[in-house]
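Enquirer: Here's a sequence, model it:
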Amino acid sequence: MQTAIVLGSTRATVKDVSLKGRRLVIVQPLLLNEAADGSPLIALDNLGCRQGDRVLLTSDGTLAREFTNNENTPARWTVMGILDSAV
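Expert: Model prediction:
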């Protein structure tokens, strides 16, 4: 799991069939001190997170396969929670 901040959403006209109808968000992974941890990522979002939300990400392919109902999805990152606060 990884915390991140939502930078915005994105769309792709041409994409894998497993991603059709799925919401894609651009997220910036964060370190414990809130500094950026690497480059921004694109993640599947089934929770309706918004720009500026702090979220919990997972790179678990099983969850991505469940979200897309596709065993062969190329998706890796998925939003699995919207954080209320970080201590």
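Enquirer: Pull up the distance across stretch 76-84, start to finish.
Expert: Taking C-alpha to C-alpha, to the nearest Å, stretch 76-84 runs 24 Å from one end to the other.
Enquirer: actually stretch 23-38, not the one I wrote
Expert: End-to-end distance for stretch 23-38, by C-alpha to C-alpha: 22 Å.
Enquirer: Identify the residue nearest the residue nearest to the spatial centre of the chain in space, chain neighbours excluded?
Expert: Closest residue to the average C-alpha location of the chain: A43 at 2.7 Å, with C-alpha atoms, centre = their mean. Take A43 and drop its neighbours on the chain: the residue closest to it by C-beta to C-beta, 6 or more residues apart in numbering is W77, 3.8 Å away. Where C-beta positions appear, they are placed from N, C-alpha and C, glycine not excepted.
Enquirer: any weak-confidence spans in this protein?
Expert: 86-87 (pLDDT under 70).
Enquirer: same thing but 80
Expert: Along the chain, segments meeting pLDDT under 80 span 85-87.
Enquirer: which stretches of it form helices?
Expert: 61-68 (DSSP state H).
Enquirer: Would you tell me which strand is longest in this protein?
Expert: Secondary structure of the chain per DSSP state E: the longest strand is strand 2-10.
Enquirer: Look up the closest residue to V6, ignoring the ones flanking it.
Expert: D53 (4.7 Å).
Enquirer: circling back: return the list of strands paired to the longest strand of the chain, each annotated with direction.
Expert: Taking DSSP bridges as the criterion, strand 2-10 sits next to strand 23-29 (antiparallel), strand 54-58 (antiparallel) in its sheet.
Enquirer: circling back to that earlier point, measure the residue nearest to the centre of the chain to D16 for me?
Expert: Plainly put, A43 is 15 Å away from D16 if you go by C-beta to C-beta, to the nearest Å.
Enquirer: swap in A75?
Expert: From A75 to D16 the distance is 8 Å (C-beta to C-beta).
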